[in-house]
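In: task: produce atomic coordinates for the following.
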Amino acid sequence: MKTGIYKTELLQDRINVIMWFANQSDKGIIYNKFFNPMPIKVIALTLTAIECCIDEWMQGVKEDIKFTAITYGSVYNNHLNSLQHFDQHMAPYKLFKRICDNLHDKAW
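Out: Numbering: from 1, shown residues only. The predicted model follows:
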């Protein structure tokens, strides 16, 4: 089991199975050079999609919520800003780069 910030199996699973690396015809495989290392915007979008799924079950019963820029644009921007802030503060340790590399390497 992974531990640490941005090292959850849920994040890796969403990137692998749901979004970009499920099969040989998925975008992450076809356009691999754009996903290596895993772009910060892809991570922010994945975290936003996870948050939308959590929101859909907020009342204990699934409620469809549209995943649009209007509904989740500010959530995406908050995730992106948090990731950028984390990257800036961890730059001397190259921690965020290692996380991005790892997310890509484990996506295969």
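In: can you point out the buried residues in the top helix by length along the chain?
Out: For the chain, the longest helix by residue count, based on DSSP state H, is helix 69-90. Within helix 69-90, the residues scored as buried using 16 or more other CB atoms under 10 Å are Tyr72, Val75, Tyr76, His79, Leu80, Leu83, Phe86, Asp87. No exception for glycine: its C-beta is placed from N, CA and C like everyone else's.
In: tell me the pLDDT at the third one?
Out: So the one you mean is Tyr76. The model reports Tyr76 with a pLDDT of 98.
In: cool, and the fourth one?
Out: Reading off the per-residue confidence, His79 sits at a pLDDT of 97.
In: wait, it sits on Leu47?
Out: Yes. With contact defined as CB atoms under 8 Å, His79 reaches Leu47; the gap is 4.5 Å.
In: that older thread, which strands and helices lie in contact with the longest helix of the chain?
Out: Contacts defined by 3 or more CB pairs under 8 Å, 6 or more residues apart in numbering; DSSP states H and E place helix 69-90 against helix 40-56, helix 95-105.
In: a markdown table for those, including mean neighbour count?
Out: Below are these laid out as a markdown table (neighbours: other CB atoms under 10 Å):
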| stretch | mean neighbour count |
| --- | --- |
| helix 40-56 | 17 |
| helix 95-105 | 17 |
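In: identify whichever of those helices lies nearest to Gly4.
Out: helix 95-105 (8.5 Å; CB to CB).
In: tell me the mean pLDDT for that closest one?
Out: Taken as a whole, helix 95-105 has a mean pLDDT of 94.
In: how far off helix 69-90 does that helix point, in degrees?
Out: 120 degrees (axes from the mean of the first three to the mean of the last three CA atoms, to 10 degrees).
In: what does helix 95-105 rub up against?
Out: Here helix 95-105 makes contact (CB atoms under 8 Å, 6 or more residues apart in numbering) with 6-7, 11-12, 15, 35-40, 43, 83, 86-87, 90.
In: hmm, 7 Å instead?
Out: Applying CB atoms under 7 Å, 6 or more residues apart in numbering, the contact partners of helix 95-105 are Tyr6, Lys7, Gln12, Ile15, Phe35, Asn36, Pro37, Met38, Ile43, Phe86, Asp87, Met90.
In: I appreciate the help and will end here.
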